[in-house]
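> Provided below are the primary sequence and the corresponding predicted coordinates.
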Amino acid sequence: MLKVAQTPSSSPFGRPGDMHEGSTSPGGPVPALARQGRHKQRYAPTGERLVAGCIPVRVHSNGGQVAAVDVCLISSRAGKGFCFPKGGWEDDETQAEAAKRETVEEAGVRGQLEEPAIGIFHFQSGKPSAHEASQHQGRCIAHMYVMHVEEELAVWPEGHERQRVWCPLVEAASKCRHEWMRDALMMWVRRHGWEHLLPAASSDAKSTLQTVNSNGPSTSARLCATATTSATSASLSDNSLGEAEVTLGRSSYQS
């Protein structure tokens, strides 16, 4: 049974299904602009930039059994392929609120987050030389969730910059450009025991799943498994950064 997190009533996004004065959107007012700047950006004690994001999905059932999963991806601003929405976790919001905000800003979808979060992933955003003046030097820690989409906006803050596409699970696993994001998707599939949704014909998706299931998974898969275990005891949805989060290893993924 899927467990989804209810958004606190104090959240600026409201609960899915709530109606707000002056808005016809079930998710509340549609943000006109994406947040800009990094003056509120959170950083780990070890310097990494903290990021939150979502894998937006729609799960289709048939006779009580999961028959298919559709996954939403967005194009990168640089036009280098497709990825999942993510962005900086800021100091006036919880981790979950940051994930939902970034998802509506970049992908224009809203819904409920599944609990627990998939996990924590370390990655390198671009080349370190491009971030020489910053304290994080491109090093990032991403907290990734699955969002069960309930609302798809026709207009959203970054809609003029990005393309939003819905793909079957197998195609999404192949289309997503970042290895650590593919690992996150496959970790979620494995969590629910839905490997049957990946047909043998999909060598890319099967290869990713085998990497996650093998005795020597990729760096981000190991991080994810560790983080999911840590999340229960360390309450990683807090505004604070738990010690367990920054003692994990680092990957060399390029964003």
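In hand now; what should we look at? Numbers count the residues shown, from 1 in each chain.
> give me the three-state assignment for Val189.
helix (DSSP: H, G, I helix; E, B strand; the rest coil).
> tell me the contacts of Ile118?
Applying C-beta atoms under 8 Å, 6 or more residues apart in numbering to Ile118 gives the contacts 55, 144-146, 184, 187-188, 191, 224, 228. Every C-beta, even on glycine, is put in place using the N, C-alpha and C of the backbone.
> His160: which of those residues is nearest?
Closest approach to His160 among the contacts of Ile118 (C-beta to C-beta): Ile55, at 23.2 Å.
> name whatever forms a beta bridge with that closest one.
For Ile55, the beta-bridge partners under DSSP bridges are Val146.
> what do you get for Tyr43?
Arg49.
> just checking, it touches Leu50?
Yes. Between Tyr43 and Leu50 a contact is recorded at 6.3 Å, counting by C-beta atoms under 8 Å.
> those two: which is more packed in?
For Tyr43 versus Leu50, neighbours defined as other C-beta atoms under 10 Å are more numerous around Leu50 (23 against 20).
> so what's the more buried one up against?
41-44, 88-89, 140-141, 143, 241.
> let's see it at 7 Å
42-44, 89, 141, 241 (C-beta atoms under 7 Å, 6 or more residues apart in numbering).
> which one of those residues is nearest to Arg110?
Scanning the contacts of Leu50 for proximity to Arg110, where the rule is C-beta to C-beta, the winner is Trp89, at 18.0 Å.
> how deep is that closest one tucked in, by neighbour count?
That count, for Trp89 with other C-beta under 10 Å as the rule, works out to 28.
> check the one 5 residues further on too.
A total of 17 residues lie near Thr94 under the criterion other C-beta under 10 Å.
> Asn62 now?
Asn62: 8 neighbours (other C-beta under 10 Å).
> just the helices from this protein, written as ranges.
95-107, 169-175, 179-192, 203-213, 219-234, 243-246 (DSSP state H).
> give the rounded mean pLDDT of the longest one.
I take that to be helix 219-234. Mean pLDDT, helix 219-234: 39.
> any low-confidence regions in the stretch 101-250 of the chain?
127-135, 200-250 (pLDDT under 70).
> circling back to that earlier point, between the contacts of Leu50, which is nearest Ser75?
For the contacts of Leu50, the nearest to Ser75 is Trp89 (22.6 Å; C-beta to C-beta).
> what sits against Ala68?
Ala68 makes contact with 60, 168, 197, according to C-beta under 7 Å, 6+ apart.
> residues in contact with the first one?
By that I understand His60. Contacts of His60 (C-beta under 7 Å, 6+ apart): 67-68.
> so how far is His143 from it?
Separation of His60 from His143 (C-beta to C-beta, to the nearest Å) stands at 27 Å.
> turn the contacts of Ala68 into JSON lines, columns for distance to Gln36.
As requested, the contacts of Ala68 are exported to JSON lines (distance: C-beta to C-beta, whole Å):
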{"residue": "His60", "distance to Gln36": "37"}
{"residue": "Pro168", "distance to Gln36": "34"}
{"residue": "Leu197", "distance to Gln36": "38"}
